[in-house]
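Colleague: what follows is a predicted structure for the sequence shown.
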Amino acid sequence: MSNLVLSQDSQFSAIVAAQSSAWYALHTRTRFERRISQHIQLKHLEAYVPVTRARHRWSDRYQTVETPIFPGYVFVRATQDAEARLAILQTNGVYAFVTLNGVIAPISNEQISDLRRLEEKGASWSPYPFLKTGSRVRIVGGCLDGLEGIYLAERSRKLVISIEPMQRSIAIDIDGYHVETA
């Protein structure tokens, strides 16, 4: 009987730990993001490095190269307990958690899923200066339906997605998409 209760308690604590985990950004050594992500995953934590594919030309050939959307950053899903933070910070190449006002800043699940969807769909994007002001909009229809960000009216229509704790943004071309206020 006690084994059954212990087993149920450990399952319950695993469920609670999974629910209390959140996404955080890590400031890391540039050009080592994928390797750092793999080392974090070996510690049984979820890590994510959003990448983009670009065609580069060398003197003798063309090649498609994957590069991180946010160089020097890795996203990690973890709990806020000291043991998990220490395990992450002891990973070679990890400098620190991204903080706001001295507090480790969580990143919403929606922003991580938006980044994953952008990566999966191969949407064109470009780096953009971090913006805090502007009207928040949502794309309606198409393969990016529901994607939210800041609308920017320039020569071409762009949607800016900002990861506030990192103070980094990317701009997505939204010509041909219908947007509405979020």
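Modeller: Yep, that arrived. Numbering: from 1, shown residues only.
Colleague: count of neighbours near residue 77?
Modeller: 19 (other CB atoms under 10 Å). Every C-beta, even on glycine, is put in place using the N, C-alpha and C of the backbone.
Colleague: so what's it bridging to?
Modeller: Beta bridges link residue 77 to residue 23, residue 46 when assigned by DSSP bridges.
Colleague: next one: residue 178
Modeller: Under the criterion used (DSSP bridges), residue 178 bridges to residue 140.
Colleague: report the contact partners of it.
Modeller: 139-142 (CB atoms under 8 Å, 6 or more residues apart in numbering).
Colleague: you'd agree residue 80 is up against residue 88?
Modeller: No - with contact defined as CB atoms under 8 Å, residue 80 does not count as touching residue 88 (11.2 Å).
Colleague: higher neighbour count, those two?
Modeller: Remark: of residue 80 and residue 88, residue 88 carries more neighbours, 22 against 12, as counted by other CB under 10 Å.
Colleague: in three-state terms, label that one for me.
Modeller: helix (DSSP: H, G, I helix; E, B strand; the rest coil).
Colleague: what sits against it?
Modeller: Contacts for residue 88 (CB under 8 Å, 6+ apart) come out as 26, 40, 43, 45, 76, 78, 94, 97.
Colleague: for it, give its distance to residue 97.
Modeller: Distance, residue 88 to residue 97, by CB to CB, to the nearest Å: 8 Å.
Colleague: overlap of the contact sets of these two?
Modeller: residue 26.
Colleague: how long is stretch 39-46 end to end?
Modeller: Terminal residues of stretch 39-46 are spaced 10 Å apart (CA to CA, to the nearest Å).
Colleague: buried residues in that stretch, which are they?
Modeller: For stretch 39-46, burial by neighbour count (16 or more other CB atoms under 10 Å) applies to 39-40, 45.
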